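[1] next comes the sequence, and after it the predicted model I'd like to discuss.
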Amino acid sequence: MDRLVIESALSDVNEIFLTDLKEGASEHFGIVLGFKASNTDQILNAFTGLKDIVCDNGANLVICNTRLAGIYDLEIKTDGLDEPIRIMNKAIDNETLGAIEDRINNNQPIVLTTNVSEEDNIIAISQVHIKNCEEDSSL
(Lines give C-alpha, C1' and ligand atoms only; values in the text may rest on other atoms or scores of the structure.)
Protein backbone atom coordinates (compact mmCIF):
# COMPACT_ATOMS: atom_id res chain seq x y z
CA MET A 1 0.00 0.00 0.00
CA ASP A 2 1.24 3.49 -0.85
CA ARG A 3 2.58 5.67 1.97
CA LEU A 4 0.41 8.64 0.99
CA VAL A 5 -2.76 6.53 1.08
CA ILE A 6 -1.88 5.27 4.56
CA GLU A 7 -0.97 8.76 5.73
CA SER A 8 -4.17 10.27 4.36
CA ALA A 9 -6.41 7.74 6.11
CA LEU A 10 -4.57 7.89 9.43
CA SER A 11 -4.54 11.70 9.46
CA ASP A 12 -8.18 11.62 10.61
CA VAL A 13 -7.11 10.80 14.18
CA ASN A 14 -9.26 12.84 16.56
CA GLU A 15 -7.77 11.67 19.86
CA ILE A 16 -4.78 9.82 21.23
CA PHE A 17 -5.15 7.81 24.40
CA LEU A 18 -3.53 4.91 26.22
CA THR A 19 -4.47 1.37 27.12
CA ASP A 20 -2.92 -1.76 28.58
CA LEU A 21 -3.16 -4.72 26.22
CA LYS A 22 -2.74 -8.34 27.26
CA GLU A 23 -1.55 -10.71 24.58
CA GLY A 24 -1.05 -14.21 25.93
CA ALA A 25 1.28 -14.02 28.92
CA SER A 26 2.74 -10.64 27.96
CA GLU A 27 1.31 -7.21 28.67
CA HIS A 28 1.88 -4.22 26.41
CA PHE A 29 1.36 -0.52 26.84
CA GLY A 30 -0.75 0.69 23.93
CA ILE A 31 -0.88 4.08 22.28
CA VAL A 32 -4.33 4.20 20.69
CA LEU A 33 -5.13 6.29 17.65
CA GLY A 34 -8.77 7.22 18.17
CA PHE A 35 -11.01 7.77 15.16
CA LYS A 36 -14.65 8.72 14.72
CA ALA A 37 -16.95 6.04 13.32
CA SER A 38 -16.87 7.35 9.74
CA ASN A 39 -14.42 5.85 7.21
CA THR A 40 -13.80 2.77 9.35
CA ASP A 41 -13.02 0.58 6.33
CA GLN A 42 -10.42 3.03 4.99
CA ILE A 43 -8.77 3.31 8.39
CA LEU A 44 -8.66 -0.47 8.83
CA ASN A 45 -7.21 -0.97 5.35
CA ALA A 46 -4.57 1.70 5.92
CA PHE A 47 -3.59 0.35 9.34
CA THR A 48 -3.44 -3.21 7.98
CA GLY A 49 -1.28 -1.99 5.09
CA LEU A 50 1.05 -0.24 7.52
CA LYS A 51 1.15 -3.33 9.74
CA ASP A 52 2.13 -5.50 6.76
CA ILE A 53 5.00 -3.14 5.92
CA VAL A 54 6.14 -2.89 9.55
CA CYS A 55 6.06 -6.66 10.18
CA ASP A 56 8.97 -7.11 7.80
CA ASN A 57 10.94 -4.04 8.85
CA GLY A 58 10.06 -2.90 12.40
CA ALA A 59 8.86 0.60 13.30
CA ASN A 60 9.85 3.58 15.39
CA LEU A 61 7.48 6.26 16.63
CA VAL A 62 8.61 9.86 16.96
CA ILE A 63 6.39 12.32 18.82
CA CYS A 64 7.44 15.81 17.75
CA ASN A 65 6.78 18.95 19.76
CA THR A 66 5.26 21.75 17.72
CA ARG A 67 5.20 25.46 18.44
CA LEU A 68 1.78 25.09 20.08
CA ALA A 69 1.64 23.63 23.59
CA GLY A 70 -0.16 20.29 23.70
CA ILE A 71 -0.06 19.83 19.91
CA TYR A 72 2.26 17.22 18.43
CA ASP A 73 3.18 15.63 15.12
CA LEU A 74 3.57 11.86 15.01
CA GLU A 75 5.99 10.11 12.68
CA ILE A 76 5.91 6.36 12.16
CA LYS A 77 9.26 5.39 10.67
CA THR A 78 10.06 2.07 9.05
CA ASP A 79 12.67 0.92 6.55
CA GLY A 80 9.83 -0.40 4.39
CA LEU A 81 8.80 3.14 3.42
CA ASP A 82 10.75 5.89 1.68
CA GLU A 83 9.53 8.49 4.20
CA PRO A 84 7.78 8.32 7.57
CA ILE A 85 4.01 8.27 7.91
CA ARG A 86 3.24 11.75 9.28
CA ILE A 87 0.18 12.48 11.37
CA MET A 88 0.22 16.22 11.91
CA ASN A 89 -1.10 18.58 14.58
CA LYS A 90 -2.70 16.21 17.07
CA ALA A 91 -3.54 17.05 20.68
CA ILE A 92 -1.91 14.96 23.39
CA ASP A 93 -2.61 15.97 26.97
CA ASN A 94 0.21 16.25 29.52
CA GLU A 95 -0.94 13.19 31.47
CA THR A 96 -0.84 10.99 28.36
CA LEU A 97 2.53 12.34 27.27
CA GLY A 98 3.92 11.83 30.79
CA ALA A 99 2.71 8.21 30.82
CA ILE A 100 4.40 7.60 27.46
CA GLU A 101 7.64 9.13 28.79
CA ASP A 102 7.46 6.89 31.87
CA ARG A 103 7.16 3.78 29.68
CA ILE A 104 10.06 4.94 27.51
CA ASN A 105 12.26 5.54 30.58
CA ASN A 106 11.34 2.11 32.00
CA ASN A 107 11.99 0.36 28.66
CA GLN A 108 8.48 -1.11 28.62
CA PRO A 109 7.17 -2.59 25.36
CA ILE A 110 4.92 -0.16 23.48
CA VAL A 111 2.46 -0.94 20.72
CA LEU A 112 0.42 1.24 18.40
CA THR A 113 -3.24 0.40 17.80
CA THR A 114 -6.57 1.95 16.83
CA ASN A 115 -10.05 2.06 18.31
CA VAL A 116 -11.83 1.00 15.09
CA SER A 117 -11.59 -2.77 15.38
CA GLU A 118 -11.33 -5.38 18.09
CA GLU A 119 -9.40 -7.62 15.70
CA ASP A 120 -5.65 -7.95 15.89
CA ASN A 121 -4.63 -4.47 14.77
CA ILE A 122 -1.51 -4.00 16.85
CA ILE A 123 1.87 -2.76 15.62
CA ALA A 124 4.88 -3.35 17.86
CA ILE A 125 7.03 -0.25 18.17
CA SER A 126 10.79 -0.78 18.49
CA GLN A 127 11.59 2.69 19.83
CA VAL A 128 9.63 5.78 20.83
CA HIS A 129 11.19 9.23 20.92
CA ILE A 130 9.70 12.50 22.13
CA LYS A 131 11.66 15.42 20.76
CA ASN A 132 11.68 18.77 19.05
CA CYS A 133 11.55 18.19 15.32
CA GLU A 134 12.61 21.52 13.94
CA GLU A 135 11.48 22.16 10.41
CA ASP A 136 13.64 24.18 8.09
CA SER A 137 11.64 27.39 7.81
CA SER A 138 14.08 29.16 5.50
CA LEU A 139 12.75 29.91 2.03
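    Yep, that arrived.
[2] quick one: the strands in this structure?
    For the chain, applying DSSP state E gives strands covering 15-23, 26-34, 60-65, 71-77, 85-91, 110-114, 122-125, 127-132.
[3] those: which one's closest to Gln42?
    Among those, the nearest to Gln42 by C-beta to C-beta is strand 110-114 (11.7 Å). Using the backbone N, CA and C atoms, a C-beta is placed for each residue, glycine as well.
[4] would you mind pulling the contact partners of the closest one?
    19, 21, 28-35, 43-44, 47, 59, 61, 76, 100, 103-104, 121-125, 128 (C-beta atoms under 8 Å, 6 or more residues apart in numbering).
[5] longest helix in this structure, please.
    Counting by DSSP state H, the longest helix found in the chain is helix 40-57.
[6] tell me the angle of it relative to strand 110-114?
    Interaxial angle of helix 40-57 relative to strand 110-114 (axes from the mean of the first three to the mean of the last three C-alpha atoms, to 10 degrees): 150 degrees.
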